Structures are given as structure tokens and as C-alpha cells.
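**Q** Please work out how this folds:
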Amino acid sequence: MSGRTRLVHRARLSFLAAASAVIGCTDASSIGIEEERELGTAVAEQAAREMPLLQDEPVVRFVRELGAHIVQRADTTGRAYEFRVVDSDMANAFAIPGGFIFVNRGILERAGTASELAGVLAHEIGHVVERHGLEQMSKAQNTNTIVALVYVLLGRAPGGAEQVALQVAGSAWMAKHSREAEREADRVAVAYLARAGLDPRGMPQFFQRLLEEERNNPSQLLAWFSTHPVTEDRIADTDAMIAQLPPEVIDRAATDLPQFAQMRRRLDALPAPPVDARALP
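**A** The predicted model follows:
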């Protein structure tokens, strides 16, 4: 694990500690939007300091404006969202409670249309709206899996034999929770995209693109698949969700935007990401 990656993991652990202290033995629903924002701000600021953020304003502006367009149709709580692009060619994206969305350059480079990128952003917005990050902390506290969760975030096995049983139990819980949260984020993302006039079919299309790449070169997509498990069943589930939308909604939806092609040309002309960014999540 590189020094930069270790710092990112420390940032996540800082959020874990802060969230645990605030949540205590309560559930996530008792945490107000302002408290959630305070918790998320701490880890988002640390992550922004330690990860190489892309500074090219036209590229970042497109992501920010596309995300804001979705948020206007998705979140009625008044959260102030921030969208940041990490200068890493690894395919990954993550949401921090409070409205902080980080998307790697590798996602932008792999997306074939604006609707595919929008699907990723809508999915991460769904995690924020459904408060999956806070729920994860609360459930970890209440089911005594907090130590296992720390190890999962660190990306390494427990240091002592006394932690093995806890790690196994915690990993099983995390896997179950992740599947449930991912499916819920997919479900709400489909609705968000439809409301925003963006083709929700871009989301399963992007999943399929990643799944095919993972089969051919799994090491390149390790980060994405470790946090966003994609299977043919998940793609089929998302297609089924989309099939329930009125046909006229799909007919009117935009598959691509001219600004997306402009962004991609700009991105392709930029220097390659820093070498150590390849190790980032």
C-alpha cells in the first residue's frame, strides 16, 4: 500500500471514528442533515488534501454541472453537493455523507456517453440520499462489527488471531449490506435519471462495459468491483427497473450531450495522471 493510499484510508478511518462518536447507540435516522454534513466535511477535506484532484476547470465543471442537474431532481433535503474528479485512471467513484461525490478520471475515460457517466453520478447521489454511509456506521456499532469494519477500510487482515472470528463475521455482514445498498442506490438512480431527462439505460450499459473489461483485465478494475460488485444479475435487475418506466419517458430521455464529447476531447489532451495515483481507490 502506497503512502498516499494509506493517507486516504486514514481519512476514512477518521470519518469512521467521528461517525461512531456521534451516532453512538442510536440509528442513522436520528442524525440531522447538518450533523451529517459536519461529519462528511471532515473526511472530504482530508481526502481532497491527500488525493490528486484534477484541476482542469472545463472537465471538472462538466462533471459538476451534470451532477447538479441530477441533484435538482433527486434530493429535496437542501444538501449542498460537491463533485470532485480524482486524477487517477483507476475506475472508481464514492460518496461521502453530506453530499460529497468523488469520481475518478478513469470513470470519465471509460464512459461512452453522457448517460453512462450520469448513471455513475446518480448512483453515488443515491447513496447520499439513502444515507447508506451513516447506516453502515450505525449498524457496525450496533452489531459489534466496528473492529471488522476498520480492518475492511484498512484493506488488510487483523494483526492477531483473536480478531479472526470478528473479521469473518464482519466481512459477511459488509458483503450483505453492500449488496442491499447497491441495489437501492441503483433503484433510486433510475428514478433520478428519468426525472432529469437522461437515459437511465446508460447505467446498465456502463455496468456491462465494466464487467467485460473486468473479465479481460481484472487488475484494472479491482477498486471498482471491491466496492461496487457488478454481476449479470445486477445488470438484469437494473434493466427490469428501467422497463417499469413509461415508454414515453425513455423516448424523451437524452442519451448523450454535446458537452460530453467536448469534455472527453479536453480530457484526452491532458497529461497522464501521476504514477502514484494508479494505487488510489
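**Q** can you map out the helices along the stretch 51-200 of the chain?
**A** Ranges of helices in the stretch 51-200 of the chain, per DSSP state H, counting those that start in this stretch, are 57-74, 105-110, 114-129, 132-142, 146-154, 164-195.
**Q** contact partners of the shortest one?
**A** So that's helix 105-110. 54, 59, 63, 85-93, 117, 120, 206, 209-210, 213, 263-264, 267-268, 273 (Cβ atoms under 8 Å, 6 or more residues apart in numbering). For glycine as for every other residue, the C-beta is placed from the backbone atoms N, C-alpha and C.
**Q** List buried members of the residues you listed by neighbour count.
**A** Buried members of these, scored by 16 or more other Cβ atoms under 10 Å, are 54, 59, 63, 85-93, 117, 120, 206, 209-210, 263-264, 267, 273.
**Q** Go through the contacts of helix 105-110 and flag which are in strands.
**A** The strands, defined by DSSP state E, take in 85-86, 93 from the contacts of helix 105-110.
**Q** tell me the contacts of residue 100?
**A** 40-41, 44, 81-82, 84.
**Q** Which strand residues bridge it?
**A** For residue 100, the beta-bridge partners are residue 82, residue 96 (DSSP bridges).
**Q** mind checking the backbone torsions on residue 237?
**A** In terms of degrees, to the nearest 10, the main-chain angles of residue 237 are phi -60, psi -40.
**Q** Can you report how many residues lie near residue 32?
**A** Look at residue 32: counted by other Cβ atoms under 10 Å, it has 9 neighbours.
**Q** ok, it to residue 39 distance?
**A** From residue 32 over to residue 39 the distance is 11 Å, taken as Cβ to Cβ, to the nearest Å.
**Q** I'd say residue 96 and residue 45 touch.
**A** No: contact criterion Cβ atoms under 8 Å: residue 96 and residue 45 do not qualify, at 10.0 Å.
**Q** neighbour count winner among those two?
**A** Shown here are residue 96 and residue 45; by other Cβ under 10 Å, residue 96 has more neighbours (25 against 14).
**Q** which residues touch that one?
**A** Taking Cβ under 8 Å, 6+ apart, we find residue 96 in contact with 15, 40, 43-44, 47, 102, 133.
**Q** Could you do residue 116 as well?
**A** Here residue 116 is in contact with 202-203, 205-206, 209 (Cβ under 8 Å, 6+ apart).
**Q** just to revisit the earlier point, scan the contacts of residue 100 and report the most crowded one.
**A** Note: the member of those with the most neighbours is residue 40, at 24 neighbours, neighbours being other Cβ under 10 Å.
**Q** Please look at it and residue 101 and confirm they touch.
**A** No: counting by Cβ under 8 Å, residue 40 does not reach residue 101; the two are 10.6 Å apart.
**Q** Count residues in the vicinity of residue 271, would you?
**A** Residue 271, neighbours per other Cβ under 10 Å, totals 7.
**Q** Let's verify it: helix, strand, or coil?
**A** On the three-state scheme (DSSP: H, G, I helix; E, B strand; the rest coil), residue 271 is labelled coil.
**Q** what pLDDT does it get?
**A** If you check residue 271, the pLDDT there is 96.
**Q** again with residue 96
**A** Residue 96 carries a pLDDT value of 85.
**Q** same thing with residue 93?
**A** pLDDT for residue 93: 89.
**Q** gap between it and residue 67?
**A** Residue 93 is 11 Å from residue 67, by Cβ to Cβ.
**Q** Lovely, talk soon.
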